[in-house]
Each structure stands twice: as structure tokens, then as C-alpha cells.
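> Sequence first, predicted coordinates after that:
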Amino acid sequence: VAEQKITSAILNVTSGEIPKAYFLTGYTSFSLSNSNGGLYLFSQYLNDEVLEYEELNILNTQKVPDDCDTLIIMTPEKDFDKIVADAIIEYINKGGNILWLNGAYPENVELTNVNRVLAEYGINGFESGIIYETDSSKTIMGYSFCFVPEVQSTDVTDDVYQGSGAILLYPTKININTDSLADLNVEKTDLILTGDTAHFTTDVTGAANTSNSEQGPFTVGAKMVKTISENSE
């Protein structure tokens, strides 16, 4: 932590421009400011990074701010208002970046406007269900819903790939409509995958049963680059 703080302090002085991230609020129980909101510890780590961040309520601003370098969306638990979805799609079509982190849903929810945003990148809506691993050598202490995935070597994941790797707990899968990517000018790079010994089940009670599940491999993390014009991605 001390080394990280020193490095960040040096970069903060030498960087010509500090990136700005916004966390979308109003549609999730995750919160940066609330210690019970799941992101409080994460926000403490962000304080040591060379960036500025704050929460964003688009219903108040009516738009994604012009200084937004990355819009962060955390597991929408209710549908976006139309004006919010339209503002995010406008932001996308101006070349804006999104970091979308989605947990598993215990039950199916109607997220029409959320799915409109995902469709801009050729991603279908998230399903109710979780992934579990049947290969005990990949599980943590034999717990099938907590396992080690296959981290790919990319510019995004190299630190994890070369380090201690990653552990997933009750993950879900990303449903990518690969047939639509070319028409949408979207290029996909896999970041985190499961093997074919993983299964996806809609039984979220934690009862792993391959007889009523879908067999992998599954995409758990992906980088989707959408080309808006020749000079904007």
C-alpha cells in the first residue's frame, strides 16, 4: 500500500490530465459512500489511484457529464428510466467508455432500457442464474460456486494474468450476440473465461446439479470496443 501511494503521488504530479470516473446511482444497491453498499472498501483503494471519481444521478443532470472518461455501472436492480438510457446511449455514440460490473440475479427482472444499452455492444440481457465448477481442481476448498477462472493475457488483465490470478464467487455469464458484432462495429476481446467443466444453473439456491444446467465454456469478462467513426472508439 505504501509503494502504491508513493507511485500514485508521483504520477499525480507528473500527469498532465487526471481522468474522471462517474458511478451511476439510482438503480443499484451498491454505493461508494455507504459502508454497507459493497463498494466502500473499493473507494478507499480508488483514493490511492491517479483519478477523480464521484457518483452520478443522470435524472438530475439529464446527461453524462462532458468530463466523464469512464462511466461505471454496477448491477442494475431495476430498469433505467428512458431518459437515463437515452443519455447513456448518447454518451456511447460520442465515444464514451463504460465499465460494467454485473453480479448474478436471483430472479429474472424486466430491464428493457438496461438491455437497450447493453445491445449497443451486442450483449444480450443478463439472466437469472450462476456459474459453478465441476472440476474440483479449480474450486476453492471444494466449493463449486467459488473457483479459479481462466484469465486471458490482454492489456487489461496482464497484472492479474502474471500475478496470483483471480477467484470468482457466484459469478454469472455474459451473453454476447456474436452474430451482431460486425453490424454494430464492435470488436470483442475475452478477458476472463471458464472452461467446459463449468456449468450455468438457474437454481440460485446453491444446489449444483448438472442435469438442469448449461455446460460451458462461458465468458465472464470481456472488452467490447465499438467503433463510432474512423477517429472515435
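Nice, thanks for sending it over.
> Now do the helices in the chain.
Per DSSP state H, the chain carries helices over the ranges 2-14, 40-46, 58-61, 82-93, 112-119, 158-162, 181-184.
> So for Met74, which of the ones you listed sits nearest?
helix 40-46 (9.9 Å; Cβ to Cβ). Where C-beta positions appear, they are placed from N, C-alpha and C, glycine not excepted.
> List the contacts of the residue at minimal distance from the centre of the chain.
Taking Cα atoms, centre = their mean, the centroid of the chain lies closest to Leu101, which sits 2.4 Å from it. Contact analysis of Leu101 by Cβ atoms under 8 Å, 6 or more residues apart in numbering lists Ile72, Ile73, Met74, Thr75.
> go on, Leu169?
Phe145, Cys146.
> what does the one 5 residues further on give?
Contacts for Ile174 (Cβ under 8 Å, 6+ apart) come out as Asn102, Ile123, Phe126, Phe218, Thr219, Val220, Gly221, Ala222.
> about what we covered before: got a pLDDT number for the residue nearest to the centre of the chain?
For Leu101, the pLDDT comes out at 93.
> Quick check: it vs Ile140, distance?
If you measure Leu101 against Ile140 using Cβ to Cβ, to the nearest Å, the figure is 21 Å.
> re the thing from before, Glu214 is nearest to which of the helices of the chain?
It's helix 112-119; of the helices of the chain, that one is closest to Glu214 (Cβ to Cβ) at 19.5 Å.
> Okay, buried residues for the closest one please.
Asn113, Val114, Asn115, Arg116, Val117, Leu118 (16 or more other Cβ atoms under 10 Å).
> Which of the contacts of Ile174 fall in strands?
Under the assignment DSSP state E, those contribute Thr219, Val220, Gly221, Ala222 to strands.
> Which residue, other than its chain neighbours, is closest to Tyr132?
Counting by Cβ to Cβ, 6 or more residues apart in numbering, Tyr132 lies nearest to Ser144, which is 4.2 Å off, once chain neighbours are set aside.
> Count the residues that sit near the one you found.
18 (other Cβ atoms under 10 Å).
> Would you quantify the distance from it to Thr189?
28 Å.
> Okay, strands next: where are they in this structure?
Going by DSSP E, the chain shows strands at 20-24, 52-56, 70-74, 97-101, 130-133, 139-140, 143-147, 150-151, 168-169, 186-193, 198-201, 213-215, 219-226.
> out of these, nearest to Val84?
Among the strands of the chain, strand 20-24 sits nearest to Val84 (Cβ to Cβ), with 8.1 Å.
> thinking again about what came up before, in the sheet, which residues pair with the residue nearest to the centre of the chain? Tell me.
With DSSP bridges as the criterion, Leu101 is bridged to Met74.
> hang on, Ala198 packs against Pro217?
Yes. Shown here, Ala198 and Pro217 form a contact pair, counting by Cβ atoms under 8 Å, at 6.7 Å.
> quick one: pLDDT of Tyr40?
On the pLDDT scale, Tyr40 gets 72.
> can you tell me which residues contact Gly216?
Gly216 touches Ile131, Thr194, Gly195, Asp196, Thr197, Ala198, His199, Phe200, counting by Cβ under 8 Å, 6+ apart.
> Can you flag the buried ones in those residues?
Using 16+ other Cβ under 10 Å, the buried ones in the contacts of Gly216 are Ile131, Thr194, Thr197, Ala198, His199, Phe200.
> okay, among those, which ones form the most distant pair?
Thr197 and Phe200 (12.2 Å).
> returning to that earlier point: mind picking the one among the contacts of Gly216 that's closest to Gly95?
Using Cβ to Cβ, Thr194 is the member of those that lies nearest Gly95, at 31.4 Å.
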